[in-house]
Structure formats: structure tokens, C-alpha cells
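J.: A predicted structure for the sequence below; I have some questions about it.
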Amino acid sequence: MKVSLIISTYNSPGMLRLCLMSVAKQIIMPDEVIIADDGSTEETKELIEEFTSILPCNVKHAWQEDRGFRLAESRNNALRMCEGDYVVFVDGDIIMERHFIKDHKKLAEKGYFVMGSRSKLKSDISHHLIKRKSIQRHWYSRGVKNRFNSIYMPWLSFYTKNMYKKNWDKGRGANMSMFMSDLKAVNGFDSDMVGYGLEDTDIIVRLINYGLKRKWAKFQAIEYHLYHKEKSFVESNRPLLQNNLTRTMCKNGIKKL
């Protein structure tokens, strides 16, 4: 099974460097890394070119023009370039623990998609790591918030995989994975969603409508989220989500229907 890792980014080369450094430390490498770039400048392009000679796998750059926050479309751009059977999604402000890809690969199962948690890093620690170009973090490290989410005990997965059943739409696009065939079946992300928020909830809803079950990656697939200012949700995406609540496929996704 070939695994594709899609990393979303926008003009944050310092954070993206740490994310790519954590890819290089994985005990099982993805077969390809695709940067879903929402219109970054030349500095990000140069960084990606640097890592093409560092990472022992294919590195691709899916860039689109900067016309505001278009995360859904940038991910679809990456999916159009994807050659893997199984797709893992993270954001470019994430440091992955070294078992991250191995865990997602182990959790892959037909009829399921996988969602994981994250620990947040405080502002001063985030700036320190970016400045020092360091990715050394553990659950006991200084500046780690949500420590519970960074404890690595994968043998508990049998008991935790069905967590949050009542919260049917819970999940984050910065830590999720699924088969490419299932992504194609729901036509990927809804590119009509422009601005921050709800594109992840939307695809969760449509995957469930398609018949998939959610598997929760608790105590494994550990990641640390670098600090940045919180963005505000765009209310215009809520009607689009409502329209998709009973659908499996969006009209403006990987393909333009």
C-alpha cells in the first residue's frame, strides 16, 4: 500500500521546515510528500526544493495563486497529483512524532477513515523551536499543552478507536487519513468553501454519508501544533455545509462536476 502525505501550507516557511524535518525522522516513510500550497511566496518554494534532496521519497509542490484562504482547493490540487493508495493529511504547522506515518498506516482499514488528536505548543516554545530549527518535543517537555494528547500508548487503540461516537462530526484535517478511493468517491474537498473553517467537517459528513466509519487515533499518531494566532470562522461556509449534510459528493472538488 503506497502512502501519500499531504501537507497544507501558506507563507510559513519556518513552521514548514520543522514539519518537513519531522517527516525525515519517521521510522516508516511515506511514498510521497505533496505540499498543498495556498499561494506562498518564493521562500516556501526554495524550502521545498531544499527538502527534495533531503527526503528519501518523492516531494511534489502543488501551488495555486494567492486569492485568499482556499484550503479546500489547495488540498484538491494535491489530490490531483497523488499517486498513493492511502492519504494522510497534516498542516504545515505540525511536528509529527516519529511513529506518525507508521501509526496511520497500521490503522488503515477498508470501510474506515482515521482522525487523530494534537497537542499544542505555547507561543514562546514555538518561536524557540523555529529559531533553533529543532523538533525535539515529548509529552513531558516544557511548553506542551493538552499533554494527554501526546502520550504514546498505541496498544490501547482497541479500546479508544470508537471514541467520541456521539460527536459524529468531530475531527481535524491536520491529523486524518483515508483511502484515495474513498476520497474520489466523495470527490474530495468542497472547493466552494473559501475562508477559514468547516471544510474538514464537511468532508467528514460526506464520508459518513458514503458509509464509512470513523476510527479515532488516540495515544498514537501523535503531533505537536506550533502556536499561531487563531483564525475566525467564515460564516458563509455554513450554508454550504448544510447543503452537503445529506450528500456524498460535492460538485466542486477533485473534479468539477
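T.: Yep, it's here. Numbers count the residues shown, from 1 in each chain.

J.: the strands in this structure, which residues?
T.: 3-9, 32-37, 58-63, 86-91, 94-96, 112-116, 119-121, 144-145, 175-179, 213-217, 223-225 (DSSP state E).

J.: would you turn those into a markdown table with mean neighbour count and distance to residue 234?
T.: Backbone N, C-alpha and C define where each C-beta goes, glycine included. As requested, the strands of the chain are exported to a markdown table (neighbours: other Cβ atoms under 10 Å; distance: least, Cβ to Cβ, whole Å):
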| stretch | mean neighbour count | distance to residue 234 |
| --- | --- | --- |
| strand 3-9 | 25 | 17 |
| strand 32-37 | 25 | 19 |
| strand 58-63 | 18 | 22 |
| strand 86-91 | 26 | 17 |
| strand 94-96 | 25 | 22 |
| strand 112-116 | 23 | 22 |
| strand 119-121 | 22 | 22 |
| strand 144-145 | 17 | 26 |
| strand 175-179 | 24 | 21 |
| strand 213-217 | 21 | 25 |
| strand 223-225 | 26 | 21 |
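
J.: mean pLDDT for the ones you listed: which is lowest?
T.: For those, mean pLDDT drops lowest on strand 144-145, to a mean of 78.

J.: can you redo the strands of the chain as TSV with distance to residue 156?
T.: Below are the strands of the chain laid out as TSV (distance: least, Cβ to Cβ, whole Å):
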stretch	distance to residue 156
strand 3-9	23
strand 32-37	29
strand 58-63	34
strand 86-91	21
strand 94-96	20
strand 112-116	14
strand 119-121	17
strand 144-145	20
strand 175-179	17
strand 213-217	11
strand 223-225	17
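
J.: For the protein, which residue occupies the most central location?
T.: By Cα atoms, centre = their mean, the chain has its centre lying nearest to residue 90, at 2.2 Å.

J.: Am I right that that one is in contact with residue 172?
T.: No. Here residue 90 does not reach residue 172: they are 9.7 Å apart, not a contact under Cβ atoms under 8 Å.

J.: Count the neighbours of residue 122 for me.
T.: Burial of residue 122, expressed as a neighbour count using other Cβ atoms under 10 Å, amounts to 14.
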